[in-house]
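Colleague: Fold the following.
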Amino acid sequence: MKDVSKEGVMTVHLTCSECGSGIHVYPSQSSKKATCDICHNEMDLTFNADHEESVLKDCPSCKRKDFYVQKDFNRKVGVVLFIIASILAIYTYGISLIVLWLFDLILFSKLGNVAICYNCQAIFREVKNIESIGPFNHEMNDRIVYSGHDFKGKQLEH
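Modeller: Numbers count the residues shown, from 1 in each chain. This is a model prediction of the structure:
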């Protein structure tokens with residue numbers, strides 16, 4: 001499916017398993033595949049009624065139920081900004097780092113949240129039940145990525 005802006009509807013951003021390009025789709029139970037515009041690889045999807053209602057309970061790509069929430073900001077851009085501010089800190093006596101911190105503070109208050117699948121890294125925007133999804137947990141991530149553990153949607157608690 002092509003990305004046509006729909007206000008208030010959940011969007012799913014997948015990463016192509018062949019070339020690493022982004023694939024944007026809107027949930028539809030009739031959609032069974034997502035096709036990469038770059039390499040034309042097809043990825044299997046399973047959408048359900050919850051997805052169409054913008055409720056995230058399971059991943060349409062890997063069928064797992066383990067997600068985390070983070071701010072909707074590109075990490076690579078953040079790293080580049082930090083490197084630039086760090087280099088400029090030599091000449092600005094650290095003022096560039098303070099300016100970056102203020103910029104980050106403003107962005108943090110303005111940006112919304114996204115849900116991300118621990119297993120396949122699919123990104124979900126406009127999720128109605130996002131407050132029920134916990135923040136990133138390093139131990140959960142390691143156990144899912146390195147040992148294939150399935151938490152079945154329950155947050156890890158000690």
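
Colleague: how about the lengthiest helix in the chain as CSV, C-alpha atoms only?
Modeller: Using DSSP state H to assign secondary structure, the helix with the most residues in the chain is helix 75-92. Listed next in CSV are the C-alpha coordinates belonging to helix 75-92 (Å, rounded to 0.1, in the frame of the first residue of the first chain):
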residue,chain,number,x,y,z
ARG,A,75,18.5,8.7,16.2
LYS,A,76,21.0,9.2,13.4
VAL,A,77,20.1,12.9,13.3
GLY,A,78,20.5,13.2,17.1
VAL,A,79,24.0,11.6,16.9
VAL,A,80,25.1,13.9,14.1
LEU,A,81,23.8,17.0,16.0
PHE,A,82,25.7,15.8,19.1
ILE,A,83,29.0,15.3,17.2
ILE,A,84,28.7,18.8,15.6
ALA,A,85,28.0,20.4,19.0
SER,A,86,30.9,18.5,20.5
ILE,A,87,33.3,19.7,17.8
LEU,A,88,32.0,23.2,18.1
ALA,A,89,32.4,23.0,21.9
ILE,A,90,36.2,23.4,21.5
TYR,A,91,35.7,26.8,19.9
THR,A,92,32.6,27.9,21.9
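
Colleague: Not counting its own residues, what contacts the one helix or strand residue 68 maps to?
Modeller: Residue 68 is located in strand 67-71, with elements delineated by DSSP states H and E. Counting contacts by C-beta atoms under 8 Å, 6 or more residues apart in numbering, the residues outside strand 67-71 that touch it are 56, 59, 107-108, 111-118, 124, 130, 133-137, 140-141, 153. To be clear about C-beta, it is placed using only N, CA and C from the backbone, and glycine gets the same treatment.

Colleague: go on, stretch 116-132?
Modeller: If you take C-beta under 8 Å, 6+ apart as the criterion, stretch 116-132 is touched by 8-15, 53-57, 59-62, 64, 66-70, 72, 112-115, 133, 140-141, 144-145.

Colleague: Quick one, which of these are buried?
Modeller: 10-15, 54-56, 59-62, 64, 66-69, 113-115, 133, 140, 144 (16 or more other C-beta atoms under 10 Å).

Colleague: what's across from the most centrally placed residue in the chain in the sheet?
Modeller: The central residue of the chain, meaning the one whose C-alpha is nearest the mean C-alpha position (C-alpha atoms, centre = their mean), is residue 123 at 3.1 Å. Residue 123 has the following beta-bridge partners by DSSP bridges: residue 13, residue 116.
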